[in-house]
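In: output the structure for:
(2 chains)
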Amino acid sequence: MLAYHFTEMPYPYVPEEVEQSYGTSRVTLPRSYCDPKIAADLYNRYLDEYEYADDLGLEIMLNEHHQTMTCMDAVVPISAGALARRTKRAKIAIVGSPLPHRDNPVRVAEEIAMLDCISRGRIISGFVRGVGTEIHPANTVPAYTRQRFEEAHDLIIKAWTTPEPFNWEGRFWHYRYVNVWPRTYQQPHPPIWITGSSLENVPWVADHQYTFACFLTPYEWTEQLTNAYRQRCAEKGLPEPTPDKFAYLALTYTGETDEEAERDGQGLLWYLYRVRHPYFNLPPGYVSPQAQAKAMLGGGGKPYRDSFEMLQQKGIVIAGSPDTVIEKIRYLHERCGIGHLLMMNQAGFMPADKVRKSMKLFAEEVYPAIKELGVKTPALQGA
Amino acid sequence: MATTTPGDTAAMLGEHRAETRTIGGVQLEVLSGGRGEPLVVLHDYEYFNEWQPFEAALSASHSVIVPSHPGFGASELPAHFDSIDDLAYVYLDLLRELGSRQVSLLGLGIGGWIAAEVAVRCTHYLRRLVLVDAVGIKVGGITDRDITDTFVIGPKDFLQVAWHDPAAGAERMKLAGLTQLDEPQLTTVLRNRQTTAILTWKPFMHNPKLRRRLARVDVPTLVLWGESDRIVTTDYGRAYAAAIPGAGFETIPAAGHYPYLEQPEAFVAAVSAFLRAE
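Out: Now for the predicted structure:
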């Protein structure tokens, strides 16, 4: 089991009533509420925490979102570039590059290749379709995110694996001379991770033998998704998936005691409790009309408004004393076969000292006990 | 499959039939009724494939043909279709197949854009063109959003911008999240929106080249507008008319984006008068 430190780099200093009045924390919450001096302090603090993760022996995960107070990491190659130079050993998992929303996939291939060389092969290249609120910042046709994702993916993989310049005339992108310099440090290319929260893309991910990453899904759901991957492999005669094929992102906090973790870990819920705009969140065609009709008639739940306790039960929050956290991670590993634990260790207003304390406790008292889970898998043997 | 609405409604709506036709290689559901010169009605995006009173009224003097656009209602959407001009070519085929050089085209909202794209390509089969609260052209500056983004507002706010009398609109339209719809109906409404997004997302609801091309339209054209339309305003409508040589511009009072639903009598009178003219 490998454990990754993660923060969305939030800018929490927007009064709640302002967020309420705009009806959204994303897309159209005016940028006038961002003080660049505070942003500068926050970026540097968050990057310091990532460096601390490297010191502690943890791996690193980064992602990006756009036009939002919830995530200031708007350009993941920049944060990854800063960390590639300032960290020494951690894997840097970029989860991921939002392929449908990037106008130039060849540029994505260049970014990852360059990062992989600078970090001497520490990059994990995640590709994501992007949540609904990513549609408007990039102005992508919602119904085409899947098709654009697949074409961009095919183009990038070909760009990384073809020794000579090649021609590309697809539906969405056209190039006459694709010839990416540098080559990726890891050959044929860095490990690929794909995120998913429904059964829709599981067969595609399994067929490509990529690592499937579930974010904040309840145990039951995570189990269903990972089982679907296994089943697909069995049907297709592919090798039985090892734990390195599965990653899970949870909100995590390790305290001295369960009580302390519950008290100080509450700050993580800031991320879940932000105002979600119904139409920016679900633009027309982003999910199929059939699925959306079923969801609308089913009433639709609000799983993210659950209490801390409920989120703990679902496995979305993993918090407690070191012993409790060990037990929860063992359970997650045994039930869902997870080999990569992505830990959102920071959200909202959670102060640096508490985040660092939790990270240190995890690294010293939890990590040694869970590292051996699935360790026979070569990809899970950390540096 | 032919359907006739029974009883009193039939007297009001007249006889019409629904069938599936292959036009331009695409399977479309088509409603039709009435006798006379053909009048093809191209619908807007918040749409249900039901025979409307204004269509019944126009069918007294015309053979009214109402196809559901590719990707709307029960019509298929070929995988390679991704812009309004794909639809324009389907309707160019329809006009040719009708075998008459006297077809009039009545385009409503997005249907008006499609009709305009048809007319700038070829008017050989066209007699007259009516554009109603049409989208499709760029009028304002780079930072002006000429056309209200109705994808990011709920049904109640939608009625506020789309209807002169939003309460009447709530009665008249079938909107996701407002009207009680069963699963197939809701799926259809959501698919209509999905198709609209595929066809109109970027550039948003317009073709940057269309306004200049409108100078090619050489058939009598009426641009008809609901006075209270706040999706596309009357100023936008005037700019549309000004781009088409000789086009007339008329407004319908106490009507928004759907004058044919909100003021069907005044709407039918205006359209009939224009279509009757020699």
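
In: what helix or strand does the spatially most central residue of chain A sit in?
Out: Centroid-nearest residue in chain A: residue A:95, 4.2 Å away (criterion: CA atoms, centre = their mean). Take DSSP states H and E as the rule and residue A:95 turns out to sit in strand A:92-98.

In: check which helices and strands that strand sits against.
Out: strand A:59-62, helix A:76-86, helix A:105-118, strand A:123-128, strand A:192-195, strand A:340-346 (3 or more CB pairs under 8 Å, 6 or more residues apart in numbering or on different chains; DSSP states H and E). To be clear about C-beta, it is placed using only N, CA and C from the backbone, and glycine gets the same treatment.

In: what about 6 Å?
Out: Packing partners of strand A:92-98 (3 or more CB pairs under 6 Å, 6 or more residues apart in numbering or on different chains; DSSP states H and E): strand A:59-62, helix A:76-86, strand A:123-128.

In: among those, which is nearest chain B?
Out: Ranking the helices and strands packed on strand A:92-98 by distance to chain B, with CB to the nearest CB as the measure, places strand A:123-128 first at 20.2 Å.

In: sheet partners, orientation included, of that closest one?
Out: Applying DSSP bridges, strand A:123-128 is found paired with strand A:92-98 (parallel), strand A:192-195 (parallel).

In: most neighbours per residue, which of these?
Out: Per-stretch averages of neighbours, counted by mean count of other CB atoms under 10 Å in any protein chain shown, single out strand A:92-98 among these, with a mean of 26.

In: quick one: work out the angle between that one and helix A:76-86.
Out: Angle, strand A:92-98 to helix A:76-86, by axes from the mean of the first three to the mean of the last three CA atoms, to 10 degrees: 170 degrees.

In: same question for strand A:92-98, mean pLDDT?
Out: In this model, strand A:92-98 has a mean pLDDT of 97.

In: okay, angle between it and strand A:340-346 too, please.
Out: Taking the same axes, to 10 degrees, one finds strand A:92-98 and strand A:340-346 inclined to each other by 80 degrees.

In: ok, and what's touching strand A:92-98?
Out: Residues from elsewhere that reach strand A:92-98 (CB atoms under 6 Å, 6 or more residues apart in numbering or on different chains): A:4, A:60-63, A:76, A:80, A:83, A:108, A:119, A:122-124, A:126-128, A:130, A:134, A:193, A:213.

In: which stretches in the chain count as strands?
Out: Just going to use chain A. When secondary structure is read from DSSP state E, chain A shows strands at A:2-7, A:59-62, A:92-98, A:123-128, A:166-169, A:174-178, A:192-195, A:211-215, A:246-254, A:317-320, A:340-346.

In: nope, chain B please
Out: Using DSSP E, the strands found in chain B span residues B:17-23, B:26-33, B:37-42, B:62-67, B:103-108, B:126-132, B:221-226, B:248-252.

In: at the contact with chain B, which residues of chain A appear?
Out: Neighbours of chain B within chain A, by CB under 6 Å from any CB of the partner chain: A:139, A:141-143, A:279, A:284-285, A:289-290, A:292-293, A:297.

In: which residues of the stretch 101-250 of chain B lie near chain A?
Out: Applying CB under 6 Å from any CB, we find that the stretch 101-250 of chain B lies next to chain A at B:151-152, B:183, B:186-187, B:190-191, B:193-194, B:197-198, B:201-202.

In: can you point out the buried residues in the helix of greatest length in chain A?
Out: Here the longest helix in chain A is taken by residue count, with DSSP state H as the criterion, and it is helix A:36-56. Across helix A:36-56, burial judged by 16 or more other CB atoms under 10 Å in any protein chain shown covers A:42-43, A:46-47, A:49-54, A:56.

In: quick one: those as CSV, columns for pLDDT and distance to residue B:129 too.
Out: As requested, those are exported to CSV (pLDDT from 0 to 100; distance: CB to CB, whole Å):
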residue, pLDDT, distance to residue B:129
A:42, 98, 58
A:43, 98, 57
A:46, 98, 59
A:47, 98, 61
A:49, 98, 64
A:50, 98, 62
A:51, 98, 67
A:52, 98, 69
A:53, 98, 66
A:54, 98, 68
A:56, 98, 71
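
In: ok, these vs residue B:265, which is closest?
Out: Using CB to CB, residue A:42 comes nearest to residue B:265 of these, at 61.9 Å.

In: that closest one and residue A:268, how far apart?
Out: Using CB to CB, to the nearest Å, we find residue A:42 at a distance of 17 Å from residue A:268.

In: quick one: residues contacting the nearest residue to residue B:117 once chain neighbours are set aside.
Out: Counting by CB to CB, 6 or more residues apart in numbering or on different chains, residue B:117 lies nearest to residue B:88, which is 3.8 Å off, once chain neighbours are set aside. Applying CB under 6 Å, 6+ apart, we find residue B:88 in contact with B:114, B:117-118.

In: 10 Å - rerun?
Out: With contacts taken as CB atoms under 10 Å, 6 or more residues apart in numbering or on different chains, residue B:88 has the following neighbours: B:42, B:113-122, B:207.

In: what about the helices in the stretch 151-300 of chain A?
Out: Secondary structure of the stretch 151-300 of chain A (DSSP state H, counting those that start in this stretch): helices at A:202-208, A:219-236, A:258-265, A:278-281, A:289-297.

In: TSV for those, including mean pLDDT and mean neighbour count?
Out: As requested, the helices of the stretch 151-300 of chain A are exported to TSV (pLDDT from 0 to 100; neighbours: other CB atoms under 10 Å in any protein chain shown):
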stretch	mean pLDDT	mean neighbour count
helix A:202-208	98	18
helix A:219-236	97	17
helix A:258-265	96	19
helix A:278-281	92	18
helix A:289-297	91	17
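
In: in CSV: the ones you listed, plus distance to residue A:315.
Out: Formatted as CSV, those follow (distance: least, CB to CB, whole Å):
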stretch, distance to residue A:315
helix A:202-208, 19
helix A:219-236, 4
helix A:258-265, 14
helix A:278-281, 23
helix A:289-297, 22
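
In: residue 133: neighbour count?
Out: Going with chain A. Neighbour count for residue A:133, taken as other CB atoms under 10 Å in any protein chain shown: 23.

In: meant chain B, my bad for not saying
Out: Other residues near residue B:133 come to 31 when the count uses other CB under 10 Å.

In: I'd say it and residue B:106 touch.
Out: No. With contact defined as CB atoms under 10 Å, residue B:133 and residue B:106 do not form a contacting pair (11.8 Å).

In: out of the strands of chain A, which is closest to residue B:158?
Out: For residue B:158, the closest of the strands of chain A is strand A:92-98, at 29.1 Å, according to CB to CB.

In: export stretch A:67-86 as CSV, just CAs?
Out: The C-alpha coordinates for stretch A:67-86 follow below in CSV (Å, rounded to 0.1, in the frame of the first residue of the first chain):
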residue,chain,number,x,y,z
GLN,A,67,-12.6,29.0,-11.6
THR,A,68,-13.2,27.8,-8.1
MET,A,69,-12.4,28.7,-4.5
THR,A,70,-12.3,25.0,-3.7
CYS,A,71,-9.1,24.4,-5.7
MET,A,72,-6.5,26.9,-6.6
ASP,A,73,-4.3,24.3,-8.2
ALA,A,74,-5.6,25.4,-11.6
VAL,A,75,-2.6,24.3,-13.6
VAL,A,76,-1.3,21.0,-12.3
PRO,A,77,1.9,21.0,-14.4
ILE,A,78,3.0,24.1,-12.5
SER,A,79,2.6,22.6,-9.1
ALA,A,80,4.0,19.3,-10.3
GLY,A,81,7.0,21.2,-11.8
ALA,A,82,7.7,23.0,-8.5
LEU,A,83,7.5,19.8,-6.6
ALA,A,84,9.5,17.8,-9.1
ARG,A,85,12.5,20.0,-8.3
ARG,A,86,11.9,20.4,-4.5
